[in-house]
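Colleague: predicted model follows, preceded by the sequence.
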Amino acid sequence: MPLQPLLHDEVAVIAAPTQAWSAASGDVGANPVHGYWTGDQRVVSAVALDVAGTGVEPIATVPTSAREVVFTGLLRGLDGAGADPDVRLDRRRRVRVDGVTESVRITDRRAPGGSLDVVVRITPDAASMDAVKGGGGAVPAVAGVRDDGSVAWRSGSVDVVLTAPGARVGVVDGVVVLCWTLDRARAIEVGWDCAVAVPSGVEGAVVSGVRSPRPFDPPADVADDRLRRWLDRATDDLDALRLARPEGEFLAAGAPWFFTLFGRDSLWAARFLLPVDTTMAAGTLRVLAALQGTRVDPSTAEQPGKVMHELRQGSLPIDNEELSLPPLYYGTVDATPLWVCLLHDAWRAGMPDDQVRVLLPALERALAWMRDHGDADGDGLLEYVDESGRGLANQGWKDSGDSVQWRDGTLADGPIALCEVQGYAYEAAVHGADLLDAFGRPGGDDWRGWADRLATRFRETFWVRDDVGAHPAIALDADKRAVDSATSNIGHLLGTGLLSASEEAVVAARVVAPDMASGFGLRTMSTTAAGYWPLSYHGGSVWAHDTAVVIAGLTRSGFSSEARTLAEQLLAAAVAFDFRMPELHAGDAASEVDRPAPYPAACRPQAWSAAAAFPVWVAMR
């Protein structure tokens, strides 16, 4: 069976929508994810470097920023006698929004005479991202040398032009070959540039790169060196993840698979940034409002007022093509209330009134969706079900097929009403009402009444008990039974207003209990559940953003000690991952291991994982 590529040992250099993946040595081609990419299209699948027929022995990989990395190696085959290296190679790779540039600098301390041959072999490719993610291999693209010595090819809808100053250029068996013969000197340098262009029009890009200066900076005067380094790295990664549509900027979900707009991910990342910036929130809100649903379409899960889940260039096969998502897909139950929550919080954080005012019609449509479509059966709670049979079975943030389990490991049957979604909906209704009141629009009291009824229904149906104690269930199943496993979802209820003070205290205690808090963050599932596995995607692993949501909720609810406990745990994980937090990591206990094991297929960098540094900073102030 084709398998998804593992990522944890690979090096990513990014400037959305372009990225380059390689081994830590700088070599490109050994892992299926390797190559130069733009959007969902790979344009180069392999880059092989040969210097005078001798191998390169890697000794260091040093990222200078999210956009640039330097790979340092030794050319031992050119050394003289003794242990000292004589010839050093520094390979610098820089990614920009429209291409990739590489340079190779060879430094020879002996600088003898003679010549040195440098040969680079670059393999043009036309594989799509969904095919590579599904375990597929390279798809050759046909390249040709042009009159000016450059090489051109087409990968899907992407036009590629490769230039290499001073090189002899040819195409041999479909591979671009660059050759330099250089006088051997103390320092010599060669390089090449791979420029990409996506045509506009029907097959053009649905998102574009951003070249403007970033609108946010890390906070100053952070005393904890660990936290300062994480904030600096996170800020740099978030800057490189910025994308745009005509309405404004937003944060791409993450590399390599999610260099596009995701409703939930972009909303949470922008919300985490609010202590230092409201402009990303404003852009995200406008972009999502422009794509807000207008009709009922089961094939795309679109409904009037609904906020979208994912935007792609084309249809996206998933799970080995058993399922397929349309280019604009609305299969998420939580993005709509989260949009309302972000609008309110951004307004409170200083988003200008005139920018908020123009979004009020979208606010009213989003609130109406919760009542008219989100609550499909009229029981006062929000639930979801995939009506198309080709979409996501689970439509909360834990969207894998096995994410909603009973404590005995049995999967719950849908329609599913997730606990945290009820918290988002309650908060959206109350804070949406506050916005309506503040801007002189009707309906505020009606939405507060709706929220009160939801809270009563939640209190009557969601609370369960296990060996540790009482806690909210992860969900109600199709028969409105409380699915009794203890999960991190309950922490998302903190600070939403849905729980009473005593109920919040129960949840706050549980999320820092040993069965939930690993020492490196909050586990997605309690160790008391039969389905717990520390390397399960949503059933025992730790997600940085998930823990950060709970940290923020603890902070808002006044549980500063518990918030700091989880913040310190997440910071320990950030140190272990060199301050570039992955999408998720293993849920092993810190009492048993010195550092968390990576989840080998985790994306990195990920917008909401990087942005998690900011709630940690707030909690530790």
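Modeller: Looks like it arrived, so ask away. Residues are numbered from 1 along each chain as shown.
Colleague: alpha carbons only for contacts and neighbour counts from here, please
Modeller: Will do.
Colleague: need the three-state assignment for the residue lying closest to residue 494 once chain neighbours are set aside.
Modeller: With sequence-adjacent residues excluded and distances taken as CA to CA, 6 or more residues apart in numbering, residue 494 is closest to residue 553, at 4.6 Å. Reducing the assignment to helix, strand or coil with DSSP: H, G, I helix; E, B strand; the rest coil, the entry for residue 553 is helix.
Colleague: quick one: the helices in the stretch 301-450 of the chain?
Modeller: Listed in chain order, the helices found in the stretch 301-450 of the chain under DSSP state H, counting those that start in this stretch are 335-349, 353-357, 360-369, 419-438, 444-461.
Colleague: as JSON lines, those with distance to residue 478 and mean neighbour count would be great.
Modeller: Written out in JSON lines, the entries for the helices of the stretch 301-450 of the chain read as follows (distance: least, CA to CA, whole Å; neighbours: other CA atoms under 10 Å):
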{"stretch": "helix 335-349", "distance to residue 478": "22", "mean neighbour count": "24"}
{"stretch": "helix 353-357", "distance to residue 478": "38", "mean neighbour count": "13"}
{"stretch": "helix 360-369", "distance to residue 478": "21", "mean neighbour count": "21"}
{"stretch": "helix 419-438", "distance to residue 478": "14", "mean neighbour count": "24"}
{"stretch": "helix 444-461", "distance to residue 478": "13", "mean neighbour count": "17"}
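Colleague: can I get those helices in CSV with mean pLDDT?
Modeller: Formatted as CSV, the entries for the helices of the stretch 301-450 of the chain read as follows, by pLDDT from 0 to 100:
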stretch, mean pLDDT
helix 335-349, 98
helix 353-357, 98
helix 360-369, 98
helix 419-438, 98
helix 444-461, 98
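Colleague: for the residue nearest to residue 494, give me its contacts.
Modeller: 491-496 (CA atoms under 8 Å, 6 or more residues apart in numbering).
Colleague: same check on residue 122?
Modeller: Under the criterion of CA under 8 Å, 6+ apart, the contact list for residue 122 reads 44-48, 175-177.
Colleague: likewise for residue 263?
Modeller: Residues in contact with residue 263 (CA under 8 Å, 6+ apart) are 288, 307-310, 335.
Colleague: and it, its phi and psi?
Modeller: Here the main-chain torsion angles of residue 263 (degrees, to the nearest 10) amount to phi -60, psi -60.
Colleague: what about the closest residue to it other than its chain neighbours, how many residues nearby?
Modeller: Closest residue in space to residue 263, ignoring its immediate chain neighbours: residue 309 at 4.8 Å, by CA to CA, 6+ apart. The burial metric for residue 309, expressed as a neighbour count using other CA atoms under 10 Å, is 24.
Colleague: measure the residue nearest to residue 494 to residue 152 for me?
Modeller: The spacing between residue 553 and residue 152, counted by CA to CA, to the nearest Å, is 52 Å.
Colleague: all helices for the stretch 451-600 of the chain, in order.
Modeller: According to DSSP H, counting those that start in this stretch, the helices that the stretch 451-600 of the chain contains are 501-511, 544-557, 560-576.
Colleague: can I get those helices in TSV with distance to residue 105?
Modeller: Supplementary listing: these in TSV, determined by distance: least, CA to CA, whole Å:
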stretch	distance to residue 105
helix 501-511	51
helix 544-557	38
helix 560-576	31
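Colleague: what's the most buried one of these?
Modeller: Each of the helices of the stretch 451-600 of the chain was given a mean neighbour count from mean count of other CA atoms under 10 Å, and the largest, a mean of 26, is that of helix 544-557.
Colleague: and that one with helix 501-511, angle?
Modeller: With axes from the mean of the first three to the mean of the last three CA atoms, to 10 degrees as the criterion, the two stretches helix 544-557 and helix 501-511 enclose an angle of 150 degrees.
Colleague: what's the average pLDDT for helix 544-557?
Modeller: Averaging pLDDT along helix 544-557 gives 98.
Colleague: circling back: to residue 131, which of the helices of the stretch 451-600 of the chain lies closest?
Modeller: In this view, these are compared for proximity to residue 131 by CA to CA, and helix 544-557 is the closest at 27.4 Å.
Colleague: got the angle for that closest one vs helix 560-576?
Modeller: Here helix 544-557 runs at an angle of 160 degrees relative to helix 560-576 (the same axes, to 10 degrees).
Colleague: what sits against residue 135?
Modeller: Applying CA under 8 Å, 6+ apart, we find residue 135 in contact with 2-5, 32.
Colleague: buried ones only from those residues, please, as a PyMOL command.
Modeller: In PyMOL, this line selects whichever of those come out buried by 16 or more other CA atoms under 10 Å:
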select buried, resi 4+5+32
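Colleague: farthest pair within the contacts of residue 122?
Modeller: Within the contacts of residue 122 (distances taken as CA to CA), the two that end up farthest apart are 45 and 177, at 14.1 Å.
Colleague: so for these two, which residue has more residues nearby?
Modeller: Set side by side, residue 45 and residue 177 show unequal neighbour counts under other CA under 10 Å, the larger going to residue 45 at 28 against 19.
Colleague: quick one, what contacts the more buried one?
Modeller: Contacts for residue 45 were tallied using CA under 8 Å, 6+ apart; they are 28-29, 34-36, 122-125, 138.
Colleague: that one sits in which helix or strand?
Modeller: Using DSSP states H and E, residue 45 maps to strand 41-51.
Colleague: what does residue 89 give?
Modeller: Element membership for residue 89 (DSSP H and E) is strand 87-96.
Colleague: and residue 248, what does it touch?
Modeller: For residue 248, counting by CA under 8 Å, 6+ apart, the contacting residues are 282-284, 286-287.
Colleague: can you check residue 278 too?
Modeller: With contact set as CA under 8 Å, 6+ apart, residue 278 has these partners: 270, 346, 349-351.
Colleague: name the nearest of the residues you listed relative to residue 465.
Modeller: Residue 465 lies nearest to residue 270 out of those, by CA to CA, at 34.9 Å.
Colleague: picking that back up, right, and the helix or strand after the strand holding residue 89?
Modeller: Read in the C-terminal direction, the helix or strand following strand 87-96 is strand 99-108, with elements assigned using DSSP H and E.
Colleague: what packs against that next one?
Modeller: Packed against strand 99-108, as judged by 3 or more CA pairs under 8 Å, 6 or more residues apart in numbering; DSSP states H and E, are the following elements: strand 18-22, strand 87-96, strand 187-197.
Colleague: could I get the average pLDDT for the strand holding residue 89?
Modeller: Across strand 87-96, the average pLDDT comes to 97.
Colleague: from the chain's centre, how far out does it sit?
Modeller: Between the centre of strand 87-96 and the centre of its chain there are 26 Å (CA atoms, centre = their mean, to the nearest Å).
Colleague: stretch 535-550 now?
Modeller: A distance of 13 Å separates the centroid of the chain from that of stretch 535-550, by CA atoms, centre = their mean.
Colleague: same check on stretch 76-88?
Modeller: Offset of stretch 76-88 from its chain centre (CA atoms, centre = their mean): 42 Å.
Colleague: I appreciate the help and will end here.
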